[in-house]
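[1] no FASTA, just this:
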C-alpha cells in the first residue's frame, strides 16, 4: 500500500524537531504494515486553524485527486487540522478519492472521529484563546504591558526568586522618547505627518522597525488607535481590549473589530509617561479636526495594475492618490523620492491594453507563428498521450493474463494455493493502479484545435477591454493579465508631465517579440506617454502609444 505522510507543528510547539519526530513515527508504522511511504508533506510553524496558509496540506489534497497514494497517515487528527469545517472538508475529499485517513493516535479515521475530535479540537482553540486573554488581563491589572513593545520603551527582564523571568515590564528609552516628544510638538505646531516623516528620514533617524519613517507610522488609524499620535501609553495609560481579532473564513486572515468602550480595561502607569497632558490634548484636537474629511476610505474594486507599479527612480511602490492617479508612495509618505510625476490609472490601463491589442492584432506573422506553434504542441501532446495509452493497455493485458494463470493454477488443483496468493494480490493491486491511471488520463484529454482558431484569437484580443468591464469575467481576466506582469516601472519623462512606463515580465516578452517582427512602429492617438518594453532576451524597445 502506498502511503503519504503528513506532519505539522504550530508556533506554540516552538520546535522544528517535532516535524522529524512525527515523520519518523509514521514511517515506522508504514514499514510495520509492509507499506511504502511515497511522499511526505509538511507545514512548518503554521497554525492548524485554517487551510488557506498551509501549502503542505494543499499539495497533499491536490495529489490525492490523481490517487498518487492509497492512504494518508499522520501522528494525530489535530496535526491534520483543528478547524471543524476544514477537517470535515479534508476527510470528504480523501473519501471521494478512495483514500483512507489514518493517525497513530486514533487509528483509521471515520465520521465519528471527525465529529467528536473536530469538536474537541475546536474547543481546545477556544480554551487556548480564553486562557491567553486571561493571562493578558492579569498583566494589565498588575500595571504591565500585555503585548509587544512600543517605540519609546525598552523591555525589562528580571530573574525572580523562583528563577522565572518577569514579563510585561517596560522602562522609557530616553533617546526614542525625545523623538516622540518632537513628533507631538511638530504636529501640534501644524506640521503634517508626511512632512515630519520626511524630516526624520532626511536626518537619518531610524523608524520603530529600523527602516524609514512613513506618514502612517505617525498618523496611524483612528479606529484601531495605532500609530505614534494615538498611543495612550505615551501619557502613562494602558488601554487593553480595545479590539478583538476574528479570522475571515474565506481568506483565513485576521480582521480587527472594535470592542464597545465599556469593555475596555484602563490602568494608569505614570512611570511610563512620555508626553504631557497639554501637548497630548493639542495633538488630539488637530486629529479630531481632520478626522471627518476623508475617513478611512478604501477602493472597493481592485484595479487591473494595482500592486504592480514601481517608481522608476527609487524602486518604491506607487499608490492611488487624488482620486485616480498613481504617485510614488515613498515621495508622499517618506519624502525620500524626487518623482514628481503621476499617471492616471485609466490612462495607464488603456495604454498597456491598447499597446498589447495593437501589436498582437497588427502583426499577421506573429499570429501565424502562434497558431503554428500551438498546433505543433497539441500534436506532440496527443502523440505522447496515445503512446502512454498503448503502454497502459499493454500492461493491463499482461496483468489480466497473469491473473488468469494464477486462477487456473488454483482451480486446477495443481498445487498449494498459498504459493500464488501473494502474486495474485500483487497483480490485482497493479491492475487497480493501471485502471486508476487510465481514468486520470481520460479526464485530462488533450484539447482539440478549433478550426477557426485565428478568428477566435482576434475576437478575444479585440474584446479585451469589454471582458474587463464584464463583472462575471473580470476576475479571471485580471488574474491572467496580472500573472504575465512582474512589475511596471514609471518614471518622469520629457517634457514635464509625461511618463515613461517600463513593462517587465512574460507579457513584455510577447510585446518584444511582436516589436521585433513588426513592419514599423505602432502609432496611436493616446499621445504623450512612452511604453518601454523589457523582457528576458530582448533589449528595451520603445513604442509611442
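    Ah, there it is. Keep in mind that this is a model prediction, so the values were computed, not measured.

[2] how about the helices in the stretch 51-200 of the chain?
    Applying DSSP state H, counting those that start in this stretch to the stretch 51-200 of the chain gives helices spanning 55-65, 77-80, 84-96, 111-141, 174-188, 193-202.

[3] what's in contact with the first one?
    Yep, that's helix 55-65 we're talking about. Counting contacts by C-beta atoms under 8 Å, 6 or more residues apart in numbering, the residues outside helix 55-65 that touch it are 4, 6, 8, 39, 41-43, 51, 69, 72, 80-81, 90, 93-94, 97, 99. The C-beta positions use only the backbone N, C-alpha and C, and glycine is treated the same way.

[4] what do you get if the cut-off is 10 Å, keeping everything else the same?
    Helix 55-65 is contacted from outside by 4-8, 38-44, 46, 48, 51-52, 54, 68-69, 72, 74, 79-81, 86, 89-90, 93-94, 96-99, 440, 443, using C-beta atoms under 10 Å, 6 or more residues apart in numbering.

[5] again, but for stretch 239-257
    The list of residues contacting stretch 239-257 from outside it, by C-beta under 10 Å, 6+ apart, reads 47, 49-54, 83, 85-86, 129, 133, 136-137, 139-141, 145-147, 221, 223-226, 231-233, 258-261, 263-267.

[6] Now list the buried members of the contacts of helix 55-65.
    In terms of neighbour count (16 or more other C-beta atoms under 10 Å), the buried residues within the contacts of helix 55-65 are 4-8, 40-43, 46, 48, 51, 54, 68-69, 72, 74, 79-81, 86, 90, 94, 97, 99.

[7] Might one say that residue 181 is in contact with residue 175?
    No - with contact defined as C-beta atoms under 10 Å, residue 181 and residue 175 do not form a contacting pair (11.3 Å).

[8] of those two, who's got more company?
    residue 181 (16 against 9; other C-beta atoms under 10 Å).

[9] Distance of the more buried one relative to residue 187?
    Between residue 181 and residue 187 the distance is 11 Å, computed by C-beta to C-beta, to the nearest Å.

[10] And for residue 265?
    Residue 265 sits 28 Å away from residue 187 when distances are taken as C-beta to C-beta.

[11] Between those two, which has more neighbouring residues?
    With other C-beta under 10 Å as the criterion, residue 265 and residue 187 differ in neighbour count, and residue 187 comes out ahead with 22 against 14.

[12] now the residue lying closest to that one once chain neighbours are set aside: how far from residue 318?
    Nearest-residue entry for residue 187: residue 283, 5.3 Å, with adjacent residues in sequence omitted and distances by C-beta to C-beta, 6 or more residues apart in numbering. In this structure, residue 283 and residue 318 are 30 Å apart, going by C-beta to C-beta.

[13] Buried residues in stretch 270-287, which are they?
    With burial defined by 16+ other C-beta under 10 Å, the residues of stretch 270-287 counted as buried are 272-275, 279-280, 283-284, 287.

[14] again with stretch 260-270
    Residues of stretch 260-270 classed as buried: residue 269 (neighbour count, 16+ other C-beta under 10 Å).

[15] Residue 378: helix or strand, and which one exactly?
    According to DSSP states H and E, residue 378 maps onto helix 364-411.

[16] still on that earlier bit, format the buried residues of stretch 270-287 as a markdown table; extra columns: pLDDT and secondary structure.
    Output for those, formatted as a markdown table (pLDDT from 0 to 100; DSSP: H, G, I helix; E, B strand; the rest coil):
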| residue | pLDDT | secondary structure |
| --- | --- | --- |
| 272 | 92 | helix |
| 273 | 94 | coil |
| 274 | 94 | coil |
| 275 | 93 | coil |
| 279 | 94 | helix |
| 280 | 93 | helix |
| 283 | 91 | helix |
| 284 | 90 | helix |
| 287 | 84 | helix |
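
[17] quick check, nearest of these to residue 337?
    Lowest distance from residue 337 to the buried residues of stretch 270-287 (C-beta to C-beta) belongs to residue 287, with 26.4 Å.
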